[in-house]
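Asks: prediction below, plus the sequence it came from.
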Amino acid sequence: MTTVFAHLARPLRWRTLIADAVLAALLLGPLAAPFLQAWGQLAPRTVSGVVYAMGSLVCPQPARGLALYEANIMAVCMRCYAAVLGLLLTRLLYAADAGASRFWLPRYGLRVLPIFAALIFAYVAEFAGQIAGLWVFDNLWVTVAGLITGVGLGLMFHPILQRQPAGSFRPSAVGRA
């Protein structure tokens, strides 16, 4: 019983809660938009219109989204959606180890910037190659490029977002709140 009260007595981390809510919206919005669009009612169609409009602002190829329900497609392409999935994977990893693992990039300082750049530019390199005509759009390859980019962004920014001080990336930091 004491552990329940001790858990409830911890301060609520608003920044973490807001970041997780935004991540959930980024994951669920593109998936829900085709179903809301097909619903036919005014309110769901309005919500799906907002999701599609936001998707067209952030995604370079929203028309390449997967068809999920009848002729209605996702609000973003798989490259963009996989980047968000990569962020989810690193968020789950951070929840499991609280930044104590060796692969969290901020622990290495500025010398990790070339690795970080290589990870996040997988998205750009794949898209540039497609635009240049080196290859055609393929959902498998755009998904891989998006995942690599999302994982790179997550490995760099989850510890920063979770207010993990640079010097506390060691196994003893796992038990701290």
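Replies: Thanks, I have it.

Asks: buried residues in the biggest helix by length in the chain, which are they?
Replies: Determined from DSSP state H, the single longest helix within the chain is helix 14-39. Buried residues in helix 14-39, defined by neighbour count with 16 or more other CB atoms under 10 Å: 16, 19, 26, 29-34, 36-37. For glycine as for every other residue, the C-beta is placed from the backbone atoms N, C-alpha and C.

Asks: now the helices for this structure?
Replies: Using DSSP H, helices in the chain cover 2-9, 14-39, 42-58, 78-97, 113-131, 139-161.

Asks: who does the fifth one touch, helix- and strand-wise?
Replies: Helix 113-131 makes packing contacts with helix 78-97, helix 139-161 when contacts are defined by 3 or more CB pairs under 8 Å, 6 or more residues apart in numbering; DSSP states H and E.

Asks: which of those helices sits closest to residue 129?
Replies: Residue 129 lies closest, by CB to CB, to one member of these: helix 139-161, at 9.3 Å.

Asks: on contacts alone, who are the packing partners of the closest one?
Replies: The contact analysis (3+ CB pairs under 8 Å, 6+ apart) places helix 139-161 against helix 14-39, helix 78-97, helix 113-131.

Asks: show the model's pLDDT score for residue 106.
Replies: Predicted confidence (pLDDT) for residue 106: 91.

Asks: please renumber so the chain begins at 13
Replies: Renumbered: residue one is now 13, and that last one reads residue 118.
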